[in-house]
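Trainee: Predicted coordinates and the sequence they were generated for:
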Amino acid sequence: MKNLDDVSPFYVMEVLERSNEIEDEIRRGIKKPYDSVIHLEIGEPDFPSLPCIKEAAIRAIEEGDEKYTHSLGDPELRNAVVRKFEKKYGVSVNSDCVIAGSGTSPLLLAVCMLLFKEGDEIIMARPYYAAYPNFIRSLGAVPVFVDTKPEEGFRLNPEDVRRAVTPKTKAILTNSPANPTGAILSPDDLKAVAEISEETGIPIIADEIYQGIAYGDEKEHTILEFTKNAFVLNGFSKYYCMTGWRLGYMVVPESYVRPIQKLMQNYFISVNAFVQKAGIAALESPDEEYRSMIETYNERRICLVSRLRKAGFVVPVDPKGAFYVLADARNYTDDSVAFASKILEETGVACTPGLDFGAEGYIRFSYANSRENIEKAMDRLEKWLKDQPRKDA
């Protein structure tokens, strides 16, 4: 690892940690102008894992499934991933090219370690998921940002990607549905990015962890529908509500399987055995089990966007997927870290500074919380904002 001084804090975790401290202070009787912290900062589903998932893990433990597993993952889990791609996308995947990990983050790290060396460039949209540039910079490589436009729903324009390509470009990183914007890449945009990859030989790293969480007529697509020159990351935390289980998977080009396997063997050994059995149960669970969850997220999304606009934030386009709203707060601040901190300390509403995502002046709100809590948080925030000076006044 190199250039660790260039790795920035993960501000959402710092907000969460301070929120937990405030909750402890409230429990100890320290007076606050509110009686609770409302968590709209963290991207963690508030729905439980399905009973069949828990039962599969318990059954595996009781049956003694508690030893090391294959470094690429349980073959049964990898085959379940293959079946998912065939059923959901009509895409044929070789199970030998499926690799399991303890969450998607270790898998992304393994791909970065394999592909990048000092001075290499990696193209990605801005705003971006906070960890992406930190992973890249820690290896001495360089993130190259393609700015997206709020009025276009933060859509990644393939022509901007093409213009960003240089002889140093070693990957194009996509995220759809996207954190923090909720943007979803259309089939035409995915096809155009795939054509860039095919023409140049530059691989795509596609983070598809929010697949399944989309609203209205939106339908997500995998990059593998358009090219095989891709590393596709997905997992169980978001759609299957399994954040604490720490299980993910990726599909990689066949020629990269053995090099990544050596990294997995040395850095991560293997994935928790009984958690992989839970993952199989999740992949085999019917999508109908999650339909009401998506409907609930959609109701919250509509509520939160409306309330944020009413309070004074700018949200030009409704997010199409995931469970976040990236709201423009530049009428109030140029320092999103200080602004989010002030909101937390004075209202008890926890939210994430846009600086985490390369979007200074913005605030990210998660609607992975109840409608009741969202309404309560917005009541607090709307009242508080009336006393804050506006830069456009």
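Mentor: The structure has been received and is ready for your questions. Residues are numbered from 1 along each chain as shown.
Trainee: for this protein, what spans make up the strands?
Mentor: According to DSSP state E, the chain carries its strands in the segments 38-39, 98-101, 121-126, 142-147, 169-175, 204-207, 230-235, 248-251, 324-328, 349-350, 352-353, 362-366.
Trainee: Let me have those in TSV, extended by mean pLDDT.
Mentor: Putting the strands of the chain into TSV (pLDDT from 0 to 100) gives the following:
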stretch	mean pLDDT
strand 38-39	98
strand 98-101	98
strand 121-126	98
strand 142-147	97
strand 169-175	98
strand 204-207	98
strand 230-235	98
strand 248-251	98
strand 324-328	97
strand 349-350	98
strand 352-353	98
strand 362-366	98
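Trainee: Identify whichever of these lies nearest to residue 9.
Mentor: strand 352-353 (10.3 Å; CB to CB). Glycine gets a C-beta too; all of them are placed from N, C-alpha and C.
Trainee: Now for residue 212, how many residues are close by?
Mentor: Using other CB atoms under 10 Å as the criterion, residue 212 is surrounded by 18 other residues.
Trainee: show me the contacts for it.
Mentor: If you count contacts by CB atoms under 8 Å, 6 or more residues apart in numbering, residue 212 has them with 220, 238-239, 287, 290, 294.
Trainee: got a winner among the residues you listed for most neighbours?
Mentor: Each of the contacts of residue 212 was scored by neighbours using other CB under 10 Å; the highest score is residue 238's, at 23 neighbours.
Trainee: coming back round to it: including distance to residue 374 and pLDDT, could the contacts of residue 212 go into JSON lines?
Mentor: Below are those laid out as JSON lines (distance: CB to CB, whole Å; pLDDT from 0 to 100):
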{"residue": "220", "distance to residue 374": "24", "pLDDT": "84"}
{"residue": "238", "distance to residue 374": "18", "pLDDT": "97"}
{"residue": "239", "distance to residue 374": "20", "pLDDT": "96"}
{"residue": "287", "distance to residue 374": "25", "pLDDT": "88"}
{"residue": "290", "distance to residue 374": "20", "pLDDT": "94"}
{"residue": "294", "distance to residue 374": "16", "pLDDT": "97"}
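Trainee: From these, pick the one nearest residue 309.
Mentor: Taking CB to CB as the measure, residue 309 lies nearest residue 294 of the contacts of residue 212, at 22.7 Å.
Trainee: Please name the residues that touch the closest residue to the closest one other than its chain neighbours.
Mentor: Computed as CB to CB, 6 or more residues apart in numbering, the closest residue to residue 294 that is not its neighbour in sequence is residue 213, at 6.4 Å. Taking CB under 8 Å, 6+ apart as the contact definition, residue 213 lies against 177, 238-239, 294, 297, 321-323.
Trainee: Same check on residue 177?
Mentor: 183-184, 210-211, 213-214, 220, 320-322.
Trainee: what do you get for residue 228?
Mentor: Counting by CB under 8 Å, 6+ apart, residue 228 touches residue 253.
Trainee: circling back: is it possible to get JSON lines of the contacts of residue 212 that adds distance to residue 72?
Mentor: Compiled in JSON lines, those are given as follows (distance: CB to CB, whole Å):
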{"residue": "220", "distance to residue 72": "26"}
{"residue": "238", "distance to residue 72": "23"}
{"residue": "239", "distance to residue 72": "22"}
{"residue": "287", "distance to residue 72": "26"}
{"residue": "290", "distance to residue 72": "27"}
{"residue": "294", "distance to residue 72": "31"}
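Trainee: Could I get the full set of helices for the stretch 201-350 of the chain?
Mentor: Here the stretch 201-350 of the chain has its helices, by DSSP state H, counting those that start in this stretch, at 257-267, 273-284, 288-311, 336-347.
Trainee: could I get those as CSV with distance to residue 16?
Mentor: Converted to CSV, those look like this (distance: least, CB to CB, whole Å):
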stretch, distance to residue 16
helix 257-267, 26
helix 273-284, 23
helix 288-311, 19
helix 336-347, 10
